[in-house]
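Enquirer: what shape does this take:
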Amino acid sequence: MKTLIVKVKTIGGYCGSHRVGDCFRLEGGKLSFPRENKHICIYALSSLLPLLPVKQRKIDEPDDWLPEAFEVACPDPEGRVIWEISYEK
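Expert: Reported below is the predicted structural model:
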């Protein structure tokens, strides 16, 4: 499984939980945060969760849209937080 880095790319409104640049690492089934006492909002996590396990695996089906999908929007209409999923180098 690939290790993912998930970070806040932009915020288009108000978000009391996250700032641009906030991130976490997903290795296997474990989330880790580079800063102590950092967290992820459960609403943001709910939007990310369906894609994370899929992005960790090899995607090689023809015409699949997943290899091109790297951004996920938080469902909070006030925050408009965009998360970016990338692979650890």
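Enquirer: tell me which residues in the top helix by length along the chain are buried?
Expert: Longest helix in the chain by number of residues (criterion: DSSP state H): helix 42-48. By neighbour count on 16 or more other CB atoms under 10 Å, the buried set for helix 42-48 is 44-45, 47-48. In this view, the C-beta of every residue, glycine as well, is placed from N, C-alpha and C.
Enquirer: isn't residue 47 right up against residue 74?
Expert: Yes - here residue 47 lies in contact with residue 74, judged by CB atoms under 8 Å, at a distance of 5.6 Å.
Enquirer: so what sits against both of those two?
Expert: Residues within reach of residue 47 and of residue 74 at once, by CB atoms under 8 Å, 6 or more residues apart in numbering, are residue 83.
Enquirer: where do the strands of this structure begin and end?
Expert: With strands called from DSSP state E, the chain shows them at 4-11, 23-27, 30-32, 71-73, 81-87.
Enquirer: quick check, pLDDT for the residue sitting furthest away from the middle of the chain.
Expert: Relative to the centre of the chain, the most outlying C-alpha is that of residue 62, 24.1 Å out, by CA atoms, centre = their mean. Residue 62 carries a pLDDT value of 83.
Enquirer: repeat for residue 53
Expert: Here, the pLDDT recorded for residue 53 equals 91.
Enquirer: swap in residue 65?
Expert: Listed pLDDT for residue 65 reads 84.
Enquirer: ok, now residue 8?
Expert: Per-residue confidence for residue 8 comes out at a pLDDT of 97.
Enquirer: in the sheet, who's paired with residue 25?
Expert: When assigned by DSSP bridges, residue 25 has beta-bridge partners residue 5, residue 32.
Enquirer: quick one: contacts for it?
Expert: Counting by CB under 8 Å, 6+ apart, residue 25 makes contact with 3-6, 31-34, 88.
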